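>>> Predicted structure and sequence below. I'll ask about it afterward.
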Amino acid sequence: MEKLWGGRFQKQTHQLVDAFTSSIAFDQELALVDIAGSRAHVNMLAAAGIISDEDRTILRDGLDQLAAKAAAGEIAWDTSHEDIHMNVEYHLTKLVGPVGGRLHTARSRNDQVALDMHLYTREAVDMVMEKIRVVQKALVAVAENHIDTVLPGYTHLQRAQPVSLAHHLLAYAWMLQRDWERFRDGRARVNICPLGAGALAGTTFPIDRRHTAAELGFDDVYANSMDAVSDRDFVIEFLAAASILIMHMSRLSEELVLWSSEEFHFIELDDAFCTGSSIMPQKKNPDVAELLRGKTGRVYGHLLAVLTVLKGLPMTYNKDMQEDKEGLFDTVKTLSGALDLLAPMLETMRVNGQAMEKAVAEDYACAVDLADYLVRQGMPFREAHGIVGRLVFHCIKEGCYLHQLPLSTYQEHSELFGEDLYQCIEPKAAVQNRVSEGSTGREALRQQLDRLKEKMG
Ligand code: ARG
């Protein structure tokens, strides 16, 4: 078939070249934003007197018909037209006749594809931000049900100090808050319109770039036409924010996997979010959480891929940039699927508060509270640390826990110990005694929840 740019050529391209350079197999994902961009372009061309109102009506009606068909999946994208832009022009021309050939006036595929990528990424940012909120709300809901559920907080994956389960879960809600803000901040740089840059140098036609930008909901237009067609920073920023987001989701998933193991037994994931084994009839595996953890690899990979594609490119558009698409599309689908699953998985998990309490009780998690007790009696912290350390060593030797030692043993180590020490090593009390801002105590938790909810709007 005759190429849209065939005029200068004496020969057909080699069929291997067509297969290698074609992007229609994946950039058809851009069909609707491409058509929306063309629609705004046509309106602007008419408003600026570059095409007639009559032609505008024909072109716009044709584009609207194409959009409806594309949305319904009714267009057979033709591999003999290398990309979505050429396909749309080809199908439009088939529909409306030679007027279709006016569509590309004062435009290049370079500013067109940049526009499509901005529109696609903007939609993706909005989708991700909305879905982050849903997961945050699920975390807050579970947290609010478990303000008084106590479990060991860990450092080095060793039991460290008792915390409220709400506090633990809200740590993830805050990570997601930063993710949400990162996408929002990046959106400002996505929402700038490159259309009108032409191939790289602008155009001889009296176009009105602000007209198209406003119609498409952009906040501004690129000030430099060369920057406009060669910039993919917004894609990289999206992939970077996506990488951090999926890293957070992966960490949460890792906790769910650990906690649902027999060894921890802190939670049970709902059957609906687990799968079985083909050989071991007893198994119930946390596959969703595992796979979510595993999906980080591809997202990081996409970020690295686009960074690498861009790193050596001279000004301005280079065909290399076609490689910005599949990774972005895959990232958007991966994030969407992962975010959709997290909320219901959290909302349906069963929390085994007893196992959590047992883990705190059969431990030395309140050793700091004991040292703080001595400090309140006037002892320097370092000295208190030493005494409690020796008490813990004594317990380990005797095979018991701190709350099981008689007062006389305590007093052998320090005269400052009194009967009231037992209250401060009771795990629930130890949690409630944490009064500092941002801590796990009930009052501090209330304030934290208020702060988070205010941010979440
Ligand atoms: N398919 C191309 C891409 O995705 C569109 C732009 C092509 N421009 C060009 N001058 N060959 O980057």
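In hand now; what should we look at? Numbers count the residues shown, from 1 in each chain.

>>> switch to C-alpha atoms for all contacts and neighbour counts from now on
Noted.

>>> if I look at whichever residue of the chain sits closest to the ligand, how far off is residue 83?
Of all residues in the chain, residue 322 sits closest to the ligand, at 3.6 Å by C-alpha to the nearest ligand atom. The gap separating residue 322 from residue 83 is 10 Å, by C-alpha to C-alpha, to the nearest Å.

>>> now residue 365
Taking C-alpha to C-alpha, one finds residue 365 at 62 Å from residue 83.

>>> Please apply the same query to residue 182.
For residue 182 relative to residue 83 (C-alpha to C-alpha), the value is 32 Å.

>>> likewise residue 105?
Relative to residue 83, residue 105 is positioned 18 Å away (C-alpha to C-alpha).

>>> Pick out whichever of the two has more residues nearby.
residue 83 (23 against 15; other C-alpha atoms under 10 Å).

>>> I figured residue 307 hits residue 236, correct?
Yes: using C-alpha atoms under 8 Å, residue 307 makes contact with residue 236 at a distance of 6.7 Å.

>>> what about dumping the CA coordinates of stretch 366-375 to CSV?
Presented in CSV, the C-alpha positions along stretch 366-375 are these (Å, rounded to 0.1, in the frame of the first residue of the first chain):
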residue,chain,number,x,y,z
CYS,A,366,8.7,-3.7,77.2
ALA,A,367,12.4,-3.5,78.2
VAL,A,368,12.6,0.1,77.1
ASP,A,369,9.6,0.9,79.3
LEU,A,370,11.4,-0.7,82.2
ALA,A,371,14.5,1.4,81.6
ASP,A,372,12.3,4.5,81.3
TYR,A,373,10.8,3.6,84.7
LEU,A,374,14.2,3.8,86.3
VAL,A,375,14.9,7.0,84.5
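
>>> so what sits against both of residue 322 and residue 83?
Common neighbours of residue 322 and residue 83 (criterion: C-alpha atoms under 8 Å, 6 or more residues apart in numbering): residue 23.

>>> Flag every buried residue along stretch 361-381.
By 16 or more other C-alpha atoms under 10 Å, the buried positions in stretch 361-381 come out as 361, 363-375, 381.

>>> try stretch 435-455
439-445, 448-449, 452.

>>> Farthest pair within those?
Spanning the widest gap among the buried residues of stretch 435-455 are 441 and 452, at 16.1 Å by C-alpha to C-alpha.

>>> rewinding a little: count of residues packed around the residue of the chain closest to the ligand?
Neighbour number of residue 322 under other C-alpha under 10 Å is 16.

>>> Tell me how far it lies from residue 118.
14 Å.

>>> Any stretches of the stretch 1-150 of the chain with poor pLDDT?
1 (pLDDT under 70).

>>> ranges for the helices of it?
15-21, 24-27, 31-47, 53-71, 84-96, 109-145 (DSSP state H, counting those that start in this stretch).

>>> In terms of secondary structure, what does the second one contact?
In terms of contacts (3 or more C-alpha pairs under 8 Å, 6 or more residues apart in numbering; DSSP states H and E), helix 24-27 is packed against helix 325-348.

>>> who does the helix or strand just after the helix it packs on pair up with?
Next helix or strand after helix 325-348 toward the C-terminus (DSSP states H and E): strand 350-351. Each strand paired with strand 350-351, and its direction, by DSSP bridges: strand 267-268 (antiparallel).

>>> Run through who's touching the strand it pairs with.
Residues contacting strand 267-268 (C-alpha under 8 Å, 6+ apart): 256, 259-260, 349-352.

>>> thinking again about what came up before, what would the buried residues of stretch 435-455 look like in CSV with secondary structure, pLDDT and distance to the ligand?
Listed next are the buried residues of stretch 435-455 as CSV, based on DSSP: H, G, I helix; E, B strand; the rest coil; pLDDT from 0 to 100; distance: C-alpha to the nearest ligand atom, whole Å:
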residue, secondary structure, pLDDT, distance to the ligand
439, coil, 97, 50
440, coil, 97, 50
441, coil, 96, 54
442, helix, 95, 54
443, helix, 96, 54
444, helix, 97, 51
445, helix, 97, 49
448, helix, 98, 46
449, helix, 98, 45
452, helix, 98, 41
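
>>> And the contacts of stretch 332-346?
Against stretch 332-346 from outside (C-alpha under 8 Å, 6+ apart): 124, 127-128, 131-132, 134-135, 138-139, 142, 242, 246, 269-270, 273, 288, 292, 295, 299.

>>> switch the cut-off to 6 Å
Applying C-alpha atoms under 6 Å, 6 or more residues apart in numbering, the external contacts of stretch 332-346 come out as 135, 138.

>>> Equivalent analysis for stretch 156-176, please.
Residues from elsewhere that reach stretch 156-176, judged by C-alpha under 6 Å, 6+ apart: 136, 143, 146-147, 149-154, 365, 431, 440.

>>> mind giving me JSON lines with the helices of the stretch 1-150 of the chain and columns for distance to residue 395 and mean neighbour count?
Shown next, in JSON lines, are the helices of the stretch 1-150 of the chain (distance: least, C-alpha to C-alpha, whole Å; neighbours: other C-alpha atoms under 10 Å):
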{"stretch": "helix 15-21", "distance to residue 395": "70", "mean neighbour count": "11"}
{"stretch": "helix 24-27", "distance to residue 395": "65", "mean neighbour count": "17"}
{"stretch": "helix 31-47", "distance to residue 395": "68", "mean neighbour count": "22"}
{"stretch": "helix 53-71", "distance to residue 395": "70", "mean neighbour count": "18"}
{"stretch": "helix 84-96", "distance to residue 395": "72", "mean neighbour count": "20"}
{"stretch": "helix 109-145", "distance to residue 395": "34", "mean neighbour count": "21"}
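
>>> Redo the ones you listed as TSV? Include distance to residue 220.
Below are the helices of the stretch 1-150 of the chain laid out as TSV (distance: least, C-alpha to C-alpha, whole Å):
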stretch	distance to residue 220
helix 15-21	32
helix 24-27	25
helix 31-47	15
helix 53-71	24
helix 84-96	24
helix 109-145	12
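
>>> any chance of those helices in a markdown table, plus distance to the ligand?
What follows is the helices of the stretch 1-150 of the chain, written out as a markdown table (distance: least, C-alpha to the nearest ligand atom, whole Å):
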| stretch | distance to the ligand |
| --- | --- |
| helix 15-21 | 8 |
| helix 24-27 | 7 |
| helix 31-47 | 11 |
| helix 53-71 | 18 |
| helix 84-96 | 7 |
| helix 109-145 | 5 |
